[in-house]
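Colleague: Turn this into a model:
(chains A and B)
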Amino acid sequence: MHEMSLCEGIIQILEEQAKTQNFQRVKTVWLEIGALAGVEISALEFSYDVISRGTIADSSVLKIIHLAATAECAGCKQTVNIDQRYLPCPNCGDYQLQITGGEQMRIKELEVE
Amino acid sequence: MCTVCGCGEGESRIEDENLEHSHAHQQHAHSHNANHDHNHDHDHDHDHNHDHSHGHHHYGHGAAGAHAPGLSQSRMVQIEQDILGKNDQYARHNRQHLSDLGIFTLNLVSSPGSGKTTLLTRTLNDLKSQLELSVIEGDQETSHDAQRIRQTGVKAIQINTGKGCHLDAHQIGHAIDSLQPPKGSVLFIENVGNLVCPAAFDLGEAHKVAILSVTEGEDKPVKYPDMFAAADLLLINKIDLLPYVQFDVDQCIEYARRIKPGLQVLQVSATSGAGMDNWYDWIKASRQARLIGHPAIG
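Modeller: Below is the predicted model:
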C-alpha cells in the first residue's frame, strides 16, 4: 500500500529535477528496484499511472530494472544471490545471511524533453 | 503552510496542528481526463539483465540520441536518486535533533491487535516515575489511543494518517515540534498497525521494536520478513495465553533469526506483567548505551 507514497516521492523528485535540469516533460522513468525493497511492482505501476496524471510525468512510461539481492553467508563465507529473506543460503543451507544488496529503490535515469 | 519545509502535503492530520493538505498530487485522479491514452508498454525494448548498471546508454544523451531524431527534443537525464531519499533526509534531521537533545526514541511496529497500546500503557505506568516519557501515536483515524495514553498522565500526540498506511519521517518531525519531548527523555512512537509498510520508512528512531502476540501465527516473521529484518528487538506478547493457543515460541524465534541473525527476543505479557522487567531493563540499558558521553544525561 505504500506504493502510493513512493509514487508521490517519485513525482516530487521529478518536479525538483525539472527545475534544476530544465525540462518540461518526462517521457520515461527508469527505476531500479531491489528484490528485497518490499515493493509490489504491479501496485507501483498502478499507483504511478494515477499519481502522475496532470504532472510533468503525465503519460510517461515507467520502466523497472530489477536488481537481484545479495547476501554474505556466515556458514560458507560466500556471497550469494537470494530471492527472499526467509530462504536459506543456496550454497550451504545456512540461515545466517547478512543482506548486502537488493534493498534499493532508486530513480536511475529519465528521458525528458 | 509549514515554515520548516514548505510542505502542505498528504492527508495526515496531527492533533492541534491543522496540516491542511493542498498537495497537487492528491487531486490528479479527479482531474483526469479519460482520454489519456497511456501507452504503457512494459515490455522493455532492451535487454534487462541488469547486473551491469548502464544498460540504457545506447540512447545517448541530448537531442542527438533521442528516440526519434529531428522530431523530439528528448534527452536522457541521469539522476540516481533514492525514492525514499526525501523521507530519509527528514529522518536524518529527526535523528540529529533527537540525539542533540538526548531523547531516546523507539518506533513500535506490529500488526493491528498485537496488544501494542496495552503494552505501551503498562510500560508508561511502570516507568513514569523513573524516566521522562512521551508518546507519538499513529493511527489511520481517531484519537482513541492517544486518549488511552494520556490517562497514564504521559504527554501524547496523535497523528492520523488518513489513507496512509504508515508514519513517515516528515509527520514525525512536525509531531516532535508540537510535542516538545523534554531533554533526556524517552519517546515512544506507536506506528500504524501494519506489518508491511512501516518497515520501509525510517522515522529517525534509535530502534524499531517489533511486537508479535502469541494469538498470531508463529510464522509471521517469515510471512512478513521486511519488518523483522528492520527490527532490533522482538517482543513476543500475550505469553499468558500460551496454554490456550497453538503457538510454538521456539519455532517463532528460529524463524525470526532466519530473517535477522542474532535478533534479540523478549517474551512478555502486558496483561499479567510477566517478563516486563526485562523489557524495561532493555529500554534503560539501550538508552544508557546510546547516551554514553551525552551532555544531556547526568
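
Colleague: can we go C-alpha only for contacts and neighbour counts from here?
Modeller: OK.

Colleague: Can you tell me who residue 82 pairs with across the strands?
Modeller: This is for chain A. Residue A:82 has the following beta-bridge partners by DSSP bridges: residue A:69.

Colleague: you looked at the wrong chain, it should be chain B
Modeller: Residue B:82 forms beta bridges with residue A:106, as assigned by DSSP bridges.

Colleague: which ones are touching it?
Modeller: A:104-107 (Cα atoms under 8 Å, 6 or more residues apart in numbering or on different chains).

Colleague: out of everything not next to it in sequence, what's closest to residue B:287?
Modeller: residue B:104 (5.9 Å; Cα to Cα, 6 or more residues apart in numbering or on different chains).

Colleague: and the one you found, how many neighbours does it have?
Modeller: Look at residue B:104: counted by other Cα atoms under 10 Å in any protein chain shown, it has 25 neighbours.

Colleague: Need the per-residue pLDDT for it.
Modeller: Looking at residue B:104, its pLDDT reads 97.

Colleague: what are the bridge partners for it, then?
Modeller: residue B:186.

Colleague: Report pLDDT for the closest residue to residue B:267 other than its chain neighbours.
Modeller: Spatial nearest neighbour of residue B:267, excluding adjacent residues (Cα to Cα, 6+ apart): residue B:236 at 4.7 Å. Note on residue B:236: pLDDT of 98.

Colleague: now swap in residue A:42 and tell me
Modeller: 91.

Colleague: check whether the host helix or strand of residue A:50 contacts chain B.
Modeller: Taking DSSP states H and E as the definition, residue A:50 sits inside helix A:41-52. Yes: contact of helix A:41-52 with chain B (Cα under 8 Å from any Cα of the partner chain) involves A:50-52.

Colleague: In JSON lines: those, plus pLDDT, distance to residue B:278 and neighbour count.
Modeller: Converted to JSON lines, these look like this (pLDDT from 0 to 100; distance: Cα to Cα, whole Å; neighbours: other Cα atoms under 10 Å in any protein chain shown):
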{"residue": "A:50", "pLDDT": "91", "distance to residue B:278": "48", "neighbour count": "19"}
{"residue": "A:51", "pLDDT": "92", "distance to residue B:278": "46", "neighbour count": "25"}
{"residue": "A:52", "pLDDT": "94", "distance to residue B:278": "49", "neighbour count": "20"}
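
Colleague: Tell me who's in contact with residue A:110.
Modeller: A:26-30, B:76-79.

Colleague: low pLDDT regions in chain A?
Modeller: Across chain A, the ranges flagged by pLDDT under 70 are A:1.

Colleague: and the angle from the longest helix out of those in it to helix A:41-52?
Modeller: Ordering each helix of chain A by length in residues (DSSP state H) puts helix A:3-21 first. Put simply, helix A:3-21 runs at 50 degrees to helix A:41-52, going by axes from the mean of the first three to the mean of the last three Cα atoms, to 10 degrees.

Colleague: got the CA positions of helix A:3-21 in CSV?
Modeller: Taking C-alpha atoms only, helix A:3-21 is exported to CSV below (Å, rounded to 0.1, in the frame of the first residue of the first chain):
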residue,chain,number,x,y,z
GLU,A,3,3.5,2.2,-3.3
MET,A,4,1.2,5.3,-3.5
SER,A,5,3.5,7.3,-1.2
LEU,A,6,6.5,6.0,-3.2
CYS,A,7,5.0,7.4,-6.4
GLU,A,8,4.4,10.7,-4.7
GLY,A,9,8.0,10.7,-3.8
ILE,A,10,9.0,9.9,-7.4
ILE,A,11,6.9,12.8,-8.8
GLN,A,12,8.3,15.1,-6.2
ILE,A,13,11.8,14.2,-7.3
LEU,A,14,10.9,14.7,-10.9
GLU,A,15,9.4,18.1,-10.3
GLU,A,16,12.5,19.2,-8.4
GLN,A,17,14.7,17.8,-11.2
ALA,A,18,12.7,19.6,-13.8
LYS,A,19,13.6,22.9,-12.3
THR,A,20,17.3,22.2,-11.8
GLN,A,21,17.8,20.3,-15.1
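
Colleague: List the contacts of that helix.
Modeller: A:24-26, A:39-40, A:43-44, A:47-48, A:51-52, A:55-57, A:107, B:25, B:81, B:83-84, B:86.

Colleague: Leaving out chain neighbours, which residue sits closest to the residue nearest the centre of chain A?
Modeller: Centroid-nearest residue in chain A: residue A:33, 2.3 Å away (criterion: Cα atoms, centre = their mean). Closest residue in space to residue A:33, ignoring its immediate chain neighbours: residue A:105 at 4.7 Å, by Cα to Cα, 6+ apart.

Colleague: The one you found reaches residue A:34, doesn't it?
Modeller: Yes: taking contacts as Cα atoms under 8 Å, residue A:105 lies within contact range of residue A:34: 6.4 Å.

Colleague: between the two, which one's more packed in?
Modeller: Comparing residue A:105 with residue A:34 by other Cα under 10 Å, the one with more neighbours is residue A:105, at 25 against 22.

Colleague: separation between the more buried one and residue B:140?
Modeller: Distance, residue A:105 to residue B:140, by Cα to Cα, to the nearest Å: 25 Å.

Colleague: re earlier: now that we have the contacts of residue B:82, which one has the most neighbours?
Modeller: Result: residue A:105 is most packed of those (other Cα under 10 Å), 25 neighbours.

Colleague: State the distance from that one to residue B:111.
Modeller: Distance of residue A:105 to residue B:111, given as Cα to Cα: 24 Å.

Colleague: Pass me the low-pLDDT residue ranges in chain B, would you?
Modeller: B:1-11, B:16-72, B:296-298.

Colleague: can you rerun that using 50?
Modeller: Chain B contains residues with pLDDT under 50 at B:1-4, B:6, B:8-9, B:18-70.
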